[in-house]
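Participant: Predicted model follows, preceded by the sequence.
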Amino acid sequence: MRNFDFSPFYRSTIGFDRLASLLDNITNNESSQPGYPPYNIELTGEDRYRITMAVAGFDATEINIEANQNALQISGNKAADTKERTYLHQGIAARSFERRFQLADHVQVEAAHYENGLLHIDLQRIVPEAMKPRQIPIGVNTKAIEGAVEPTRS
């Protein structure tokens with residue numbers, strides 16, 4: 001297991017406490033995150049993302065998606081099978097799951113759809129206009145110029 005010390009970054013950054021805490025949590029919980037169900041995270045545009053989860057055997061009604069502030073939680077609860085079966089080999093997992101994702105600021109869930117055993121969740125980063133970079137004009141302080149003494153020429 002790898003341990004990283006982020007304390008030098010705390011000394012030289014201001015306002016990034018949440019980011020450093022997220023990095024600490026990721027490195028501490030890396031081994032505790034289960035591998036089921038498998039998923040992909042894609043960059044589909046400049047500020048667009050897609051999470052694709054392989055949830056074969058689940059019906060769309062058995063999957064719950066909840067977005068809360070900067071967290072996305074996806075859970076699946078398999079309905080009890082009323083028919084008793086005898087398997088010679090059971091390789092398809094039919095167990096319940098819960099997967100959590102930390103979302104960056106201003107990332108919103110746009111849509112979700114289920115197709116061919118894959119759950120697709122589309123996300124987009126929407127930065128408010130007030131947060132976007134803006135050009136600051138440089139003004140001239142006319143009061144300082146009016147009160148200035150004209151240089152004398154000899």
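Facilitator: On my side now, so go ahead.

Participant: domain assignment for the protein?
Facilitator: Taking automatic domain parsing as the domain assignment, the ranges for the chain are 1-33, 34-131.

Participant: Of all these, which one is nearest residue 137?
Facilitator: Of all the domains of the chain, the one in closest proximity to residue 137, counting by CB to CB, is domain 34-131 (17.8 Å). Yep, even glycine has a C-beta here, placed from its N, CA and C like the rest.

Participant: ok, back up a step: among the domains of the chain, single out whichever gets nearest to residue 138.
Facilitator: Where the domains of the chain are weighed against each other on CB to CB, the nearest is domain 34-131, at 21.4 Å.

Participant: and that closest one, what's its mean pLDDT?
Facilitator: Confidence for domain 34-131, expressed as mean pLDDT, is 89.

Participant: The helix or strand that contains residue 75 pairs with which strands, parallel or anti?
Facilitator: Residue 75 belongs to strand 71-76 when elements are defined using DSSP states H and E. Strands flanking strand 71-76 in the sheet, each with its direction: strand 63-68 (antiparallel), strand 97-102 (antiparallel) (DSSP bridges).

Participant: Can you show me the CA trace of the first one as PDB?
Facilitator: Meaning strand 63-68. Taking C-alpha atoms only, strand 63-68 is exported to PDB below (Å, rounded to 0.1, in the frame of the first residue of the first chain):
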ATOM      1  CA  ILE A  63     -31.100   0.100  -9.600                       C
ATOM      2  CA  ASN A  64     -31.200   3.300  -7.600                       C
ATOM      3  CA  ILE A  65     -29.200   6.400  -8.500                       C
ATOM      4  CA  GLU A  66     -28.900   9.300  -6.000                       C
ATOM      5  CA  ALA A  67     -27.000  12.500  -6.400                       C
ATOM      6  CA  ASN A  68     -26.400  14.500  -3.200                       C
END
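
Participant: Perfect, that will be all.
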